Structures are given as C-alpha cells and as structure tokens.
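below are the sequence and a predicted model for it; my questions follow.
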Amino acid sequence: MPVTRRRLIAITAALAVLPAVARASETGTTREWTGQALGARASIRLDHPDGEAITARVMAEIARLENILSLYRPESALCRLNRDGHLAAPPFELLECLSLAGAVHRASGGRFDPTVQPLWALWAEAAAGGTRPDAQAIKVARNKTGWDKVELDPDAITMQPGMALTLNGIGQGYVADRIAALLEAEGLSDILIDTGELRALGGRPEGGNWPVLLETGERLSLRQRALATSAPLGTTFDQAGRDGHILDPATGMPAVGIWRAVSISAPSAAIADALATASCLMSDPALILAMLGRFDGARLEASA
C-alpha cells in the first residue's frame, strides 16, 4: 500500500517528538546520527575522534533550521508567515531558501512554485475524506497561488491574503547544504549527509566514492556533490496511489505520470532537490536539459 500524504504527516508528526539518536559503530570512530528534518528521515555518517561532540552540534543546527523552515512546527518562521501573510525581519535562512526557490521557478518556467501550498492542502483534505477536489475548488485554490505575489525583502516577506508557502522540494536539500557548510567549517570531509536528498563531502572514509543505487536501478558514485531524486507517485494523496504529491501550478492537478523517477545531481542539494521536482512536470527531456543549463554543474543522472 502506498504511503499517502495524510499518513505521512501523521507518521512524521509522531516521530518529530522523539529524540534524535546518535550511535557509535562497534568499531572505529564512525558516528551515525538518525532523526528527522523537515518531516523526512535524516542521517549523517562521519568518522572522527570528536564525532560525538560534532554530531551534537549538527543536531542543534538541524533543530534551529526546523524552527525556521518547517511546516511541522506551528511557531516556525515559515508557519508564522503562512498564518499572518507577513513576516518582519525574516531569518536569513528563510530568505536564502526562498531566493533559491525563485531562481528555480524562473528557470523552470514557473513549474517549481513554493506557493502551491493552498493546492496541496486542498488535495490533502479531499483525500482525507476519500474524494478528489472538484474543478471549482481547484480554481479557488489556484487563485491563492503565484510566485509574483510574494515580496521578498530583508526587512519583511509579504504575500497576499490566503496564500501559503511550502518548502517541500527544496527544504530538505537546503538543510543538507547548511549541515555540509557547518561540517566543512569544522575542517571535516568524507561525510555523507542524507536528509531525503544526499550531500557528499568528499568520499568514503575507507576510500573511494559513495556508491548510490538510484530508484531507476542505475548505479553512480558520489563525491563532493549532491543528488536528489523525485518520483511523482513516490508519495500519494490517495490510498489507490493515483494522485501524486507533486502538483502542477498551471493546472492545480498532480503531475501526470510521465516519469517514474528523475535524479539530478548538482553542487548544491537545495538546487538538485528543486530541479528534480520541477523535472517531474516536464514531458520533454530537452526542457529538463535547458533548465539544468541555467545552473553550473547540474546534471541529469537518470530518468525513467
């Protein structure tokens, strides 16, 4: 049975109250942290004599970022913005993440759009009742979307009444990038960060690159690079697994099942994350490649 978005929210909300777990391997100095970040699984593996203390700092940073970016914490900066339609003195991280989202919005011809949250809420509510939203309800929700209606400024973020933003499709990658920056500042390398998207600092501690098995069955190796995979039906609203979680802002409907999965790599996990999401709304591979060409180092690794 596919995991519906409604069930996913319930599961992640329950997990969010559990403490993260840091555990040492049986041998050596490798430490592995597992927990939650923005409603998704997150893990970090590092090999360092001071691994326990470094892991504690990473956990604290993830908690700080969640207080800014999470839709699962009612008092996060993002939730306050969605509730009030205005956020004075927004945190730098929220501005940066939304600025990156805006860059992908432009490069994707508007396919990647953080303002689809009213549509997402509509589909989730309908699925909870065992139905699908009708055309009129979708039209009403679409009128509450539009990236051009959002004003980003260091002094304030403002949007029109009824609008709401989501960082699904970029937030997990952004957290991975911020953790990578923290660890690099510690002088560390040979670390794999997994927040639902992958970010590699260097290669494996024992040598070689990080091996990755893609959802399409292909294998690749990762070093000093990020990888994100999006699947239109990877998470669905409905129990039947028909209505995927990636919504087309142009129609208000779930992405048509053109691709089973799309994997994008890039120097930035946030960019790879957003590009992979946008790619699921593009039927022509040439459009995907043209979009990737707007970002240095972005590559299409697999699509099926």
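Perfect, thanks for sending it. Numbering: from 1, shown residues only.

once you drop chain neighbours, what's closest to Ile44?
Spatial nearest neighbour of Ile44, chain neighbours left out: Trp33 (4.7 Å); criterion: CB to CB, 6 or more residues apart in numbering. Yep, even glycine has a C-beta here, placed from its N, CA and C like the rest.

partner strands of the strand or helix carrying that neighbour, with direction?
Assigned by DSSP states H and E, Trp33 belongs to strand 30-37. Strand 30-37 has its sheet partners listed here by DSSP bridges as strand 21-24 (antiparallel), strand 40-47 (antiparallel).

buried ones in that strand, by neighbour count?
Residues of strand 30-37 classed as buried by neighbour count (16 or more other CB atoms under 10 Å): 30-33, 35-37.

ranking the strands paired with strand 30-37 by mean pLDDT, which is last?
Of all the strands paired with strand 30-37, mean pLDDT reaches its minimum on strand 21-24 (a mean of 33).

picking up where we left off before, how about the buried residues of strand 30-37, which pair is most distant?
Thr30 and Gln36 (21.4 Å; CB to CB).

mean confidence (pLDDT) on whatever helix or strand Gln172 lives in, please.
Assessed by DSSP H and E, Gln172 sits inside helix 171-185. Across helix 171-185, the average pLDDT comes to 94.

and what of stretch 280-294?
Stretch 280-294 carries an average pLDDT of 96.

and for Ser99, the neighbour number?
As a burial measure, Ser99 scores 10 neighbours (other CB atoms under 10 Å).

give the contact list for it.
Taking CB atoms under 8 Å, 6 or more residues apart in numbering, we find Ser99 in contact with Leu152.

please renumber so the chain begins at 334
Taking 334 as the first residue, the last one we looked at is Ser432.

isn't there a strand covering it?
No: applying DSSP: H, G, I helix; E, B strand; the rest coil, one finds Ser432 to be helix, outside a strand.

could you measure from it over to Glu426?
With the distance defined as CB to CB, to the nearest Å, Ser432 ends up 11 Å from Glu426.

can you pull the residues that touch both of those two?
Between them, Ser432 and Glu426 share no contacting residue under CB under 8 Å, 6+ apart.

one step back: flag every buried residue along the helix holding Gln505.
In helix 504-518, counting by 16+ other CB under 10 Å, buried: 504-513, 515-516.

now those in CSV, with distance to Gln572?
Formatted as CSV, the buried residues of helix 504-518 follow (distance: CB to CB, whole Å):
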residue, distance to Gln572
Gly504, 26
Gln505, 25
Gly506, 29
Tyr507, 31
Val508, 30
Ala509, 31
Asp510, 35
Arg511, 35
Ile512, 35
Ala513, 37
Leu515, 40
Leu516, 40
